[in-house]
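S.K.: coords please:
(2 chains)
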Amino acid sequence: MSERFYHEEHVWVREDGDELIMGISDYAQNEMGDIIYVELPEQGSSITAGEPFATLESAKAVQDLIAPLSGKVVRHNDELLDFPEVINEKPYGGGWLIAVAPDEEFDAEQLMSQAEYDEFLSGK
Amino acid sequence: MNSVITWRVIHSGHCDAYRNMAVDEAIMESVGRGEAPPTLRIYGWRPPGVSLGRFQGVDQQVDIAAVHQRGWGLVRRPTGGRAILHDDEVTYSVCVSQDQIEDGHSVLRSYRYLAQGIQQGLQLLGVEAQLGRKPHSGRNKSHRGQQPAICFTQSTRADMVVAGRKIVGSAQVRRHRTILQHGSVPITLNIADHLAVMPDNDTVGEGEALSRAAVGVSDLLGRNVSYDELAEALVAGFGEALGLELQAGQLTDAEEDRAGQLRAEKYTTDEWNLVRPPRT
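M.R.: Coordinates of the predicted model:
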C-alpha cells in the first residue's frame, strides 16, 4: 500500500493507481469521539481544495471535513452509511471515505508525510 | 492560553427560530475568518421553536402539524444532537477558533472547557451542576431510529446535569477550525408542550421519563428565575470560570447582512429544515 500523506485539517490521502483515496487520521477520529453518521459526496460530484466535502457527526458534534485538493469523486465508501463506527475502528483501512480523480497531478509536496504530520500533532 | 482574551458578548434578546440559527452561523463564519473576536451570544426564542439536529429525521420524531398549529418555528440546527423545544429558556452560543481555547481540538475536552463557564453561571444562581456521566452512544449500537427523539430525555458526557437530571443540553459544529457550540438552559420545562410536538411513539410514559430526566432552573430552585437573571449569570459565569475579558458588542453590518441571507436562503427553507439528509 502506498504512503499516506496528511493535510493540516487531518484528512489523509494515498495514491491508488490513478485515484486518490481519502480518509481522516487516527488523531482526528479520536478527537471527535464515536462517529454516528456520515454524509459523503455523491459519485461524479466535485470537491474543491479548502472547501468542505463531507460531514461527520459524533455523539455531540458535527464536523465538516475540508478537502485537501480538488477533483471528481469516483466512488465513496458505502459501508460507512450503515457502519460509521468503522471510521473510529479502522481510520486508515475500512474507514476510508472517498476515492477521487484529482483535477491536477497529485503533488505529495503539498501535504505532510507521516513524520511531518506526527511533528505537527506534537505541537498541539 | 495564558493571556486574557477579550470576547465579545452579544445579547440578542428573543428572536424567531430561523434568525437564531442564521445569526449563530453568521457569527461562526466571521469568527472563522478572523473578522470577529470569540463571541458569546445569549438569546431566547419568540415564538417558541423546535430545533432538530443536523442529521435528525423529521417525520417520525416531530409532529410538524402540531408545531405549525401553535405558530411555532421548526428549524434544523447546523449542530448535532436531538430535537429540542425552545420556549422558556436562555440559549447560549459560543463561536471561537479551536486554537483560541484550551483543548479546542478535542470535542469532548472542549465541551468540558466551556462547561466550566456554564457550571459557574449556574452556581451563581445556587445550582450545583456537573457534566453528565452517561457515555456517548456506544460503537456498533448507535442506531438512530432507536434513539429518543427528545434531546432532554438523554444526557451525555457533554451535557450538564443536576442529580442525574439534565439541565443544559449542548451541541457543536466544527468547520475550518472554528467551533460553534450552542446549548439551551430551560427556565421551566413544559412537559405537555414537549410531548404535543415531539410524541415518542415507541415509548409509553415518555412524560414521566422526561420529567425524571430533565429539569428547568426555576423548577429546580423552587422560585421564579427571570430570563435576564439567568442570562446575566451565564455571562458572568463564562467570564469568571474561563478568565475572559468580556466586552458588550453587537453584530457587525456584515454579520447582520449574512444572517439575513442565511435566514432567507437556508434556515427558512423546507429543503434545509425538512429534507433528510439536508444538503449544505
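S.K.: all strands of the stretch 51-200 of chain B, in order?
M.R.: Counting by DSSP state E, counting those that start in this stretch, the stretch 51-200 of chain B has these strands, from start to end: B:73-76, B:84-86, B:89-97, B:130-131, B:160-162, B:165-175, B:178-186.
S.K.: Looking at these, which is nearest to chain A?
M.R.: Ranking the strands of the stretch 51-200 of chain B by distance to chain A, with Cβ to the nearest Cβ as the measure, places strand B:165-175 first at 3.9 Å. Any C-beta I mention is one placed from the backbone N, CA and C, and that applies to glycine too.
S.K.: does A:Q43 sit in a helix, a strand or a coil?
M.R.: Three-state secondary structure (criterion: DSSP: H, G, I helix; E, B strand; the rest coil) places A:Q43 in coil.
S.K.: Now mean neighbour count and mean pLDDT too, for the strands of the stretch 51-200 of chain B, in CSV please.
M.R.: Listed next are the strands of the stretch 51-200 of chain B as CSV, based on neighbours: other Cβ atoms under 10 Å in any protein chain shown; pLDDT from 0 to 100:
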stretch, mean neighbour count, mean pLDDT
strand B:73-76, 23, 96
strand B:84-86, 25, 94
strand B:89-97, 24, 98
strand B:130-131, 16, 88
strand B:160-162, 20, 91
strand B:165-175, 25, 92
strand B:178-186, 26, 96
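S.K.: Tell me which of those approaches B:S110 most closely.
M.R.: strand B:178-186 (6.3 Å; Cβ to Cβ).
S.K.: For the helix ranked longest in chain A, which residues meet the burial criterion?
M.R.: Using DSSP state H to define each element, chain A has its longest helix at helix A:114-122. Across helix A:114-122, burial judged by 16 or more other Cβ atoms under 10 Å in any protein chain shown covers A:Y117, A:L121.
S.K.: Residue 23: neighbouring residues, count only.
M.R.: Using chain A. If you count neighbours by other Cβ atoms under 10 Å in any protein chain shown, A:G23 ends up with 26.
S.K.: um, chain B though
M.R.: 25.
S.K.: A helix includes it, no?
M.R.: Yes - under the criterion used here (three-state DSSP), B:V23 sits inside a helix.
S.K.: Residue 20 sits in which helix or strand?
M.R.: Just so you know, I chose chain A. A:L20 is part of strand A:19-24, with elements assigned from DSSP states H and E.
S.K.: wrong one, chain B
M.R.: When the helices and strands are read off by DSSP H and E, the one containing B:N20 is helix B:17-32.
S.K.: these two touch, right, B:D16 and B:S51?
M.R.: No - counting by Cβ atoms under 8 Å, B:D16 does not reach B:S51; the two are 11.6 Å apart.
S.K.: Looking at these two, which one has more neighbours?
M.R.: Set side by side, B:D16 and B:S51 show unequal neighbour counts under other Cβ under 10 Å, the larger going to B:S51 at 28 against 19.
S.K.: That one is in contact with B:V75, isn't it?
M.R.: Yes - between B:S51 and B:V75 there is a contact under Cβ under 8 Å: 5.4 Å.
S.K.: Spit out the residues that contact those two alike.
M.R.: Here B:S51 and B:V75 have B:A17, B:M21 as joint contacts, going by Cβ atoms under 8 Å, 6 or more residues apart in numbering or on different chains.
S.K.: Tell me how many other residues surround residue 58.
M.R.: Using chain A here. 27.
S.K.: wrong one, I was asking about chain B
M.R.: Applying other Cβ under 10 Å, we find 18 residues neighbouring B:V58.
S.K.: Need the nearest residue in space to it, chain neighbours excluded.
M.R.: On the basis of Cβ to Cβ, 6 or more residues apart in numbering or on different chains, the spatially nearest residue to B:V58 that is not a chain neighbour turns out to be B:L274, at 5.4 Å.
S.K.: again with B:R109
M.R.: In this structure, B:R109 finds its nearest non-sequential neighbour in B:D103, 3.5 Å apart by Cβ to Cβ, 6+ apart.
S.K.: ok, that neighbour touching B:Y111?
M.R.: No - no contact is recorded between B:D103 and B:Y111 when judged using Cβ under 8 Å, the distance being 9.3 Å.
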